[in-house]
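**Q** Have a look at this prediction, sequence included:
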Amino acid sequence: MTDVDFRQGTSPASGPLNTNLADILERVLDKGIVIAGDIKIDLLDIELLTIRLRLFVASVDTAKKAGINWWETDPALSSTAARNELRDENRRLRERVEALESGDDTEAVS
């Protein structure tokens, strides 16, 4: 026997409201979600390998609120960062050329 009571005239309890994928995605991106996991490989109580996986899924605004903005400084992902990196490299090279032309070898080496 089961504990469920199927009496005539009673309506079944309402389940969760139907939500579509867009609603779920909007909620996840608005609040963010963290998925974490560790993989450890041991042999005779000797730890050989540990892999730590962390996944943070959120909107750009939510990530910025959490203090995550690494994509803004990665030249592979940001054209502004790429331009800044090229500008900095150009400046360093010009300083080295000036140091070499002026005969000051201490700055050119570093």
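**A** It's in.
**Q** from the chain's centre, how far out does whichever helix or strand Asn90 is part of sit?
**A** Taking DSSP states H and E as the definition, Asn90 sits inside helix 79-102. Here the centre of helix 79-102 is set off from its chain's centre by 30 Å, with Cα atoms, centre = their mean, to the nearest Å.
**Q** didn't Thr62 look like it was pressed against Ile33?
**A** No: between Thr62 and Ile33 there is no contact under Cβ atoms under 8 Å: 9.9 Å. In this view, the C-beta of every residue, glycine as well, is placed from N, C-alpha and C.
**Q** Neighbour count: those two, which is higher?
**A** Shown here are Thr62 and Ile33; by other Cβ atoms under 10 Å, Thr62 has more neighbours (17 against 12).
**Q** any low-confidence regions in the protein?
**A** Along the chain, segments meeting pLDDT under 70 span 1-18, 104-110.
**Q** And for the nearest residue to Val28 once chain neighbours are set aside, the neighbour number?
**A** Once flanking residues are discounted, Val28 sits nearest to Val57: 6.1 Å by Cβ to Cβ, 6 or more residues apart in numbering. Neighbour count for Val57, taken as other Cβ under 10 Å: 14.
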